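1. curious how this folds, go ahead:
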Amino acid sequence: MSDAEWAVVRDAMPVPGWLEGRGGQPESYCHRQMVDAVRYLVAGGITWRAMPADFPAWDRVYAFFRRWRDKGLAAEFHDRLRDRVRTVAGRDPEPTAGIIDAQSVKAAASVPAATRGFDGGKKVNGRKRHIVVDTLGLLLHVMVTAASVTDREAGQTLLARLHERNWRVTRVWADGGYTGRLVDFARDVLSVALTVVRRSDDTSGFTVLPKRWLVERTFAWLMHSRRLARDYERRTDTSEAVIRWSMTMVMSRRLAR
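-> Numbers count the residues shown, from 1 in each chain. So this is what the prediction gives:
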């Protein structure tokens, strides 16, 4: 990170308990080194043991990543940056609308059979990333499942979790894979208007669809991180954490500019 980007990241990072006098052991490594190491792994797609010697030892970096994943600090850090990006863009920090979609990716041999499946539509054996983004394309919520899980099944859980954390979201756009009972569930249980943006049957080739292109752009941002080219993680919550770390790089660079 440049000094300007580190200034943005440092202000958005959760404060450790020992710095606030809440106990705990002081950390041995510089936070900037740790964040840089995690970002290097996510962007470069390397293995943990291939961490360059310029960074702290790989097991210390992994312990930092694991602690932030398990304690919810990665999600808190991501959400703080998202609120700042929305504020700079002249938006309210709490969004009121979103776009939902899913992406199927191949799974590496390290992914256990219990959390992988086959997506018959995309012909992909691996996992599926279900995300909800706001109208700026910023990530609101993410859930990783086996690729065999349908969009409707995962969409019900994803929208319910979204409603718990971002209760002001009252309208969500989606593609044709989210039709059926999910629309009724969103309206009757969550008070969310789920609008399906359909592709015209007369259209041939690539067409930019209203609102739906925003979430497709977010998937394109994520694919800039080589660690996300396919799913290498044993646990689904690790995959979700890597996605959040990838989005923090997008947002911190935007704020630094």
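
2. next, the contact list for the closest residue to Thr207 other than its chain neighbours, please.
-> Leaving out its chain neighbours, the residue that sits closest to Thr207 by Cβ to Cβ, 6 or more residues apart in numbering is Arg199, at 6.8 Å. To be clear about C-beta, it is placed using only N, CA and C from the backbone, and glycine gets the same treatment. Counting by Cβ atoms under 8 Å, 6 or more residues apart in numbering, Arg199 makes contact with Asp175, Gly176, Thr207, Leu209.

3. against Asp59, how distant is Arg86?
-> 36 Å (Cβ to Cβ, to the nearest Å).

4. give me the buried stretch members for stretch 74-84, please.
-> Going by neighbour count (16 or more other Cβ atoms under 10 Å), the buried part of stretch 74-84 is Ala74, Ala75, Phe77, His78, Asp79, Arg80, Leu81, Arg82, Asp83, Arg84.

5. export only the CA atoms of that stretch, formatted as PDB.
-> Extracted as PDB, the C-alpha positions of stretch 74-84 are listed here (Å, rounded to 0.1, in the frame of the first residue of the first chain):
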ATOM      1  CA  ALA A  74     -12.700  -8.700   8.400                       C
ATOM      2  CA  ALA A  75     -16.400  -8.000   7.800                       C
ATOM      3  CA  GLU A  76     -16.300  -5.000  10.200                       C
ATOM      4  CA  PHE A  77     -13.300  -3.600   8.300                       C
ATOM      5  CA  HIS A  78     -15.000  -4.100   5.000                       C
ATOM      6  CA  ASP A  79     -18.200  -2.500   6.100                       C
ATOM      7  CA  ARG A  80     -16.400   0.600   7.500                       C
ATOM      8  CA  LEU A  81     -14.700   1.100   4.100                       C
ATOM      9  CA  ARG A  82     -18.000   0.700   2.300                       C
ATOM     10  CA  ASP A  83     -19.700   3.300   4.400                       C
ATOM     11  CA  ARG A  84     -16.800   5.800   3.700                       C
END
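
6. my guess is Arg84 meets Leu255, correct?
-> Yes. The pair Arg84 / Leu255 is scored as a contact, 6.1 Å apart, by Cβ atoms under 8 Å.

7. what's the overlap in contacts for the two?
-> Joint contacts of Arg84 and Leu255 (Cβ under 8 Å, 6+ apart) are Val8.

8. quick one on the thing from earlier: out of the contacts of Arg199, which two sit at the greatest distance?
-> Gly176 and Thr207 (13.9 Å; Cβ to Cβ).

9. and the gap between His11 and Gly155?
-> Not His; residue 11 is Asp. 35 Å.

10. ok, the two, which is more surrounded?
-> Gly155 (28 against 11; other Cβ atoms under 10 Å).

11. could you check how far that one is from Val242?
-> 22 Å.

12. and for Phe55?
-> Following Cβ to Cβ, the distance that separates Phe55 from Val242 is 17 Å.

13. what's the answer for Pro93, then?
-> 24 Å.

14. among these two, which residue is more densely surrounded?
-> Ranked by neighbour count (other Cβ under 10 Å), Pro93 and Val242 place Val242 first, with 25 against 12.
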